[in-house]
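Student: any chance you could fold what I've pasted below:
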Amino acid sequence: MKSSIQCKLVCTLALFLSLSVSCASPSKPPKAVKTVAFITNSTSDFWKVARKGCEKADGELADVTVAFKTTNTGAIEEQNGLIRQALDRDEADAIAISPVDPVAQKKVINDAAKRVFLMTQDSDAPDTDRALYLGADNRAAGRQAGELIKQALPQGGKIMVFVGKREVQNAKDRFEGLKESLQGSKITIIDLMTDDANQMNARDNAYQALKKYPDIAGMVGLWSYNGPAIVQALKPEGKLSAVKIVCFDDERETLAAIKEGAIFATVAQQPFEYGYQAVKMAEQILKGNRSGIPGNKMIFIPTVVIQRNNVDEYTKKLDQLLGK
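Tutor: Here you go, the predicted structure:
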């Protein structure tokens with residue numbers, strides 16, 4: 001009787017184990033196509049060009065797909081939500097992000113970097129666990145802008161500087177580079193005005209600066225939409241010839257204003273390359289090839305100075321990149 005009961009118990013246990021194994025969720029097979037999430041920090045035209053670069057890389061790489069995500073409001077929580085969306089909904093294998101506030105987002109970035117390959121592009125988050133930064137040397141670009149405003153104002157004068165958010169790393173670096181370049185010159189920086197990544201605020205800032213400082217000699221815009229916003233503020237006041245403008249990037253309004261002589265010069269990044277090279281780099285990393293990451297974990301994409309003498313040539317090249 002005892003042996004019969006033991007036999008039944010053994011048989012029952014064996015059946016239970018076999019059912020447990022058969023009912024267990026099978027492990028997911030490795031993904032044949034990896035997902036790279038590319039996350040912006042605003043909605044400016046700058047990112048439309050970066051998207052074209054992402055699309056080119058996406059078209060060339062059969063084993064990668066790109067999830068392009070636009071931060072519409074420039075708010076930290078919105079961008080954090082896009083990071084979570086990329087991880088949980090898109091099941092991203094890599095993220096390339098331009099952080100809104102690298103200090104406030106440090107934990108979110110570090111947590112994401114534990115799960116996927118995470119790189120910064122356009123603007124860095126150096127005090128995080130990001131694996132790589134790809135973009136302009138923003139401090140050097142700020143110095144370029146400083147040299148240009150010195151050319152525009154050989155007699156010196158007061159200038160106002162404008163940017164979306166002062167806490168963003170590229171804004172910090174460009175402003176520091178600008179100040180470095182202007183040390184010992186006859187140019188004085190009045191202040192740095194921020195617009196919270198809002199183009200209407202940017203235009204109003206330029207207008208208010210003009211009214212508060214009627215003797216202002218120059219204006220420098222550190223983000224892509226700042227140049228056009230300054231022009232929009234100065235033009236109705238008839239001040240475009242009196243106030244010299246230096247700005248960043250290659251928005252169409254900026255290029256048109258350079259051609260007309262309203263903007264003295266712009267320091268253009270290459271957002272197409274940011275998109276293209278970020279996706280290509282992520283693809284190599286996801287294949288296990290990390291040889292492209294330099295020792296300092298930074299890949300600089302050169303900036304281009306655009307003035308009246310080369311604006312037509314630059315515009316033609318930009319049209320070709322965009323397929324126009």
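Student: residue 204 - that's part of a strand, no?
Tutor: No. The assignment for residue 204, made by DSSP: H, G, I helix; E, B strand; the rest coil, is helix rather than a strand.
Student: how many neighbours does residue 70 have?
Tutor: Counted with other CB atoms under 10 Å, the neighbours of residue 70 add up to 17. For every residue, glycine as well, the C-beta is placed using N, CA and C.
Student: quick check: closest non-adjacent residue to it.
Tutor: In this structure, residue 70 finds its nearest non-sequential neighbour in residue 40, 5.0 Å apart by CB to CB, 6 or more residues apart in numbering.
Student: that neighbour and residue 294: what is the separation?
Tutor: Taking CB to CB, to the nearest Å as the criterion, residue 40 is separated from residue 294 by 25 Å.
Student: so for these two, which residue has more residues nearby?
Tutor: Remark: of residue 40 and residue 294, residue 40 carries more neighbours, 27 against 10, as counted by other CB under 10 Å.
Student: just list what the host helix or strand of residue 56 packs against, helices and strands only.
Tutor: According to DSSP states H and E, residue 56 maps onto helix 45-60. Helix 45-60 sits against strand 34-39, strand 64-69, helix 271-286, helix 311-321, with contacts defined as 3 or more CB pairs under 8 Å, 6 or more residues apart in numbering; DSSP states H and E.
Student: give the buried residues for stretch 127-144.
Tutor: Of the residues in stretch 127-144, 128, 130-144 count as buried by neighbour count, 16 or more other CB atoms under 10 Å.
Student: filter the residues you listed down to just the ones in helices.
Tutor: 138, 139, 140, 141, 142, 143, 144 (DSSP state H).
Student: mind putting those residues in TSV, pLDDT and distance to residue 180 included?
Tutor: Output for these, formatted as TSV (pLDDT from 0 to 100; distance: CB to CB, whole Å):
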residue	pLDDT	distance to residue 180
138	96	12
139	98	8
140	98	10
141	98	12
142	98	7
143	98	6
144	98	11
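Student: let's have those residues in JSON lines, adding distance to residue 96.
Tutor: Converted to JSON lines, these look like this (distance: CB to CB, whole Å):
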{"residue": "138", "distance to residue 96": "17"}
{"residue": "139", "distance to residue 96": "21"}
{"residue": "140", "distance to residue 96": "22"}
{"residue": "141", "distance to residue 96": "20"}
{"residue": "142", "distance to residue 96": "23"}
{"residue": "143", "distance to residue 96": "26"}
{"residue": "144", "distance to residue 96": "25"}
